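1. build the 3D model from these lines:
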Amino acid sequence: MSTFVLVPGFWLGAWAWDEVAAPLRAAGHTVHAVTLPGLAERACESGEFGLEDHIADLADLLVREDLWDVVLVAHSGACAPAGGIADRMPERIRRVVYLDSGPVVDGGSLYDLWQPDYREAADASVVDGRLPMPPWDFLAAHGASVEGLDEAALARIGARVTPHPAGAYRDRLHLTGAGAALPQALVSCSFPLSQVRALIASGHPWFAGLDGPNWELRELPTGHWPMFSRPADTAAVLAEFAAI
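-> Reported below is the predicted structural model:
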């Protein structure tokens with residue numbers, strides 16, 4: 001059986017993985033669902049946390065729980081801290097799985113990837129160093145599909161999200177390359193896998209190397225939040241990666 005560390009994307013806490021963690025645990029896997037500093041039950045009044053704090057928190061988890069041979073799963077914006085800890089502690093990681101996400105390049109930040117109007121709206125919305133979650137329709141218009149989620153589901157999720165520390169997406173990720181050779185995977189959900197392959201073929205710097213022998217590419221068609229829209233299928237895909 002495998003050990004999973006599940007890291008949620010922006011505005012979410014460990015609670016986001018409940019319906020994915022349950023079938024994995026039922027199958028005998030060990031699952032550590034993460035709430036990063038400044039979010040959910042670890043929220044505070046200021047957004048004093050940055051990317052390095054999130055990486056350090058994952059490092060603390062691995063050491064505190066003595067975790068080895070970890071399948072590290074990064075949803076959406078969790079790609080930056082997950083990539084950071086895979087670079088810092090590659091010896092503890094078996095595989096990194098990017099769920100509707102992808103690796104961040106050395107010196108890059110998530111802020112770099114946002115469209116200008118998204119950056120402008122985010123900058124105007126930050127309060128005390130934290131970014132509230134934008135309306136669902138705004139997110140959907142900027143590529144974060146809500147496919148598979150009805151109004152009731154959106155309301156339930158929206159009631160539990162918390163503002164995200166701005167430093168976590170503004171800070172640049174610095175890598176040594178130590179984790180580059182780890183087995184890695186990308187699961188595309190809200191964008192077709194053909195689009196990923198086209199970006200790889202075009203030589204896009206953020207997709208360089210994803211056609212390498214240590215990479216697996218899969219597709220799970222749904223919206224940007226597969227842990228809510230297709231939790232059982234998400235768990236099944238993760239279990240498949242753990243078996244490779």
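2. contacting residues for R119?
-> When contacts are counted by C-beta atoms under 8 Å, 6 or more residues apart in numbering, R119 touches Y111. Using the backbone N, CA and C atoms, a C-beta is placed for each residue, glycine as well.
3. and the next element down the chain from the strand or helix carrying it?
-> Using DSSP states H and E, R119 sits in helix 116-125. Where DSSP H and E defines the elements, the next helix or strand beyond helix 116-125 is strand 130-131.
4. tell me which residues are up against that following strand.
-> Applying C-beta under 8 Å, 6+ apart, the contact partners of strand 130-131 are F10, G38, S46, G47, A122, S125, P163, H164, P165, A166, Y169.
5. so R95 bridges to which residues?
-> Beta-bridge partners for R95, by DSSP bridges, are V71.
6. could you pull out the strands for this protein?
-> Secondary structure of the chain by DSSP state E: the strands cover 3-7, 30-33, 70-75, 93-99, 130-131, 164-165, 184-188, 215-219.
7. identify the bridge partners of the residue most central in space within the chain.
-> Centroid check for the chain by C-alpha atoms, centre = their mean gives H75 as the closest residue, at 2.4 Å. Under DSSP bridges, the beta-bridge partners of H75 are L99.
8. just confirm G102 contacts A185, I think it does.
-> No - counting by C-beta atoms under 8 Å, G102 sits too far from A185 to count as a contact (10.5 Å).
9. quick check: neighbours shared by those two?
-> Contacts common to G102 and A185, judged by C-beta under 8 Å, 6+ apart, are absent.
10. where do the helices of the protein begin and end?
-> 18-26, 51-64, 79-88, 110-113, 116-125, 136-141, 151-160, 166-170, 193-202, 226-229, 231-243 (DSSP state H).
11. and those helices as JSON lines, adding distance to R95?
-> Listed next are the helices of the chain as JSON lines, based on distance: least, C-beta to C-beta, whole Å:
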{"stretch": "helix 18-26", "distance to R95": "14"}
{"stretch": "helix 51-64", "distance to R95": "14"}
{"stretch": "helix 79-88", "distance to R95": "9"}
{"stretch": "helix 110-113", "distance to R95": "22"}
{"stretch": "helix 116-125", "distance to R95": "31"}
{"stretch": "helix 136-141", "distance to R95": "28"}
{"stretch": "helix 151-160", "distance to R95": "27"}
{"stretch": "helix 166-170", "distance to R95": "23"}
{"stretch": "helix 193-202", "distance to R95": "18"}
{"stretch": "helix 226-229", "distance to R95": "18"}
{"stretch": "helix 231-243", "distance to R95": "6"}
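12. which among those is found nearest to W215?
-> Among the helices of the chain, helix 193-202 comes nearest to W215, with 9.3 Å by C-beta to C-beta.
13. name the residues that touch that closest one?
-> So helix 193-202 is contacted by G102, L186, S188, W206, F207, A208, L210, D211, L217, R218, E219 (C-beta under 8 Å, 6+ apart).
14. residues near the fourth one, how many?
-> Right, the one you point to is W206. If you count neighbours by other C-beta atoms under 10 Å, W206 ends up with 14.
15. was I right to think it contacts G102?
-> Yes - with contact defined as C-beta under 8 Å, W206 reaches G102; the gap is 6.6 Å.
16. circling back to that earlier point, closest one of the contacts of helix 193-202 to V96?
-> L186 (9.5 Å).
17. F207 versus the closest one, what's the distance?
-> Separation of L186 from F207 (C-beta to C-beta, to the nearest Å): 9 Å.
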